[in-house]
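J.: got a predicted model here, sequence first, then my questions.
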Amino acid sequence: MNNRRLLMLAASVVLSVALAFAVRDVVYQVVVLPLSYVIWQLGVMFGAIPELIRWIALVVIFGLVLAWQLVPDLKPASRRPGARRSARGQVDLLALWLLRSRSSNYFKWQLAHRLGRVSQSLDGLAGRDSVASPPGPGVAEYLAAGLNNSFVDFPTRRHLLARSRTTALDVDPGAVVDYLESQTLVDRGNHAENL
């Protein structure tokens, strides 16, 4: 199979060289001569302009570009109204983070970090460092991994066929959210909106 590709490559190179040799006069007459003539004419016309006028034009163009960039009022208003981005609420953002957490360790860690900060806020609102009910299996490690580690601390797959090792970030975020909701319901009253 490899010899066949090499033979096809050699044949295409030989064919392209023969074709280039055959049409060299046509390319010279149709492309090279007209293009060189236009470039020569532009050079003659540019040389006919006095040097003082060329420098003045260069300074004026540079000044206009500088003013265009520095003064925003000189820019023309766009003809069509810009698309307004809808403001995302907390629920939309959390759903987006949940969706992104399926793709890489970075987004898994980001979600764990956010949920860990929520857990810390809940403990701060309660005014104590201990929790009312112990977290389920893996939930404490998940929250600690989000707060105390970085996303680079967790292994990634080396190639597509390799299986990734299980880490603390592989806990179902739904279980962590259920645990945090249970913490908001235990004698915390209406403090959940302060998170």
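T.: In hand now; what should we look at? Numbers count the residues shown, from 1 in each chain.
J.: what is the burial count for Leu143?
T.: Using other Cβ atoms under 10 Å, Leu143 has 24 other residues around it. In short, each C-beta sits where N, CA and C put it, glycine included.
J.: who are the contact partners of it?
T.: Counting by Cβ atoms under 8 Å, 6 or more residues apart in numbering, Leu143 touches 112, 115-116, 119, 135, 176.
J.: which one of those sits in the busiest neighbourhood?
T.: Busiest of the contacts of Leu143 [other Cβ under 10 Å] is Ala112, holding 26 neighbours.
J.: against Leu98, how distant is it?
T.: From Ala112 across to Leu98, the span is 12 Å (Cβ to Cβ, to the nearest Å).
J.: ok, now Ile53?
T.: On the measure of Cβ to Cβ, Ile53 and Leu98 end up 64 Å apart.
J.: higher neighbour count, those two?
T.: Regarding Ile53 and Leu98, a neighbour count based on other Cβ under 10 Å identifies Leu98 as having more, with 14 against 9.
J.: confidence-wise, which helix or strand of the protein is lowest on average?
T.: Taking mean pLDDT, DSSP states H and E as the measure, the helix or strand of the chain with the lowest value is helix 90-100, at a mean of 75.
J.: just the helices in the protein please.
T.: Counting by DSSP state H, the chain has helices at residues 2-22, 24-27, 33-48, 51-70, 90-100, 105-126, 139-148, 173-185.
J.: now the shortest one, how far from the centre of its chain.
T.: In this case it means helix 24-27. 46 Å (Cα atoms, centre = their mean, to the nearest Å).
J.: one more: the first one?
T.: Average the C-alpha atoms of helix 2-22, do the same for its chain, and the two points are 41 Å apart (Cα atoms, centre = their mean).
J.: extract the residue ranges of this structure that are flagged as low pLDDT.
T.: Scanning the chain for pLDDT under 70 picks out 1, 72-87, 126-134, 151-166, 186-195.
J.: per-domain residue ranges of it.
T.: 25-76, 90-194 (automatic domain parsing).
J.: out of these, deepest packed?
T.: For the domains of the chain, the largest average neighbour count (mean count of other Cβ atoms under 10 Å) is found in domain 90-194, namely a mean of 14.
J.: can I get the domains of the chain in TSV including distance to Val13?
T.: Shown next, in TSV, are these (distance: least, Cβ to Cβ, whole Å):
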stretch	distance to Val13
domain 25-76	19
domain 90-194	34
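J.: do you know which of the ones you listed lies nearest Leu9?
T.: Proximity to Leu9 (Cβ to Cβ) singles out domain 25-76 among those, at 23.9 Å.
J.: that closest one: how far from the chain's middle?
T.: 37 Å.
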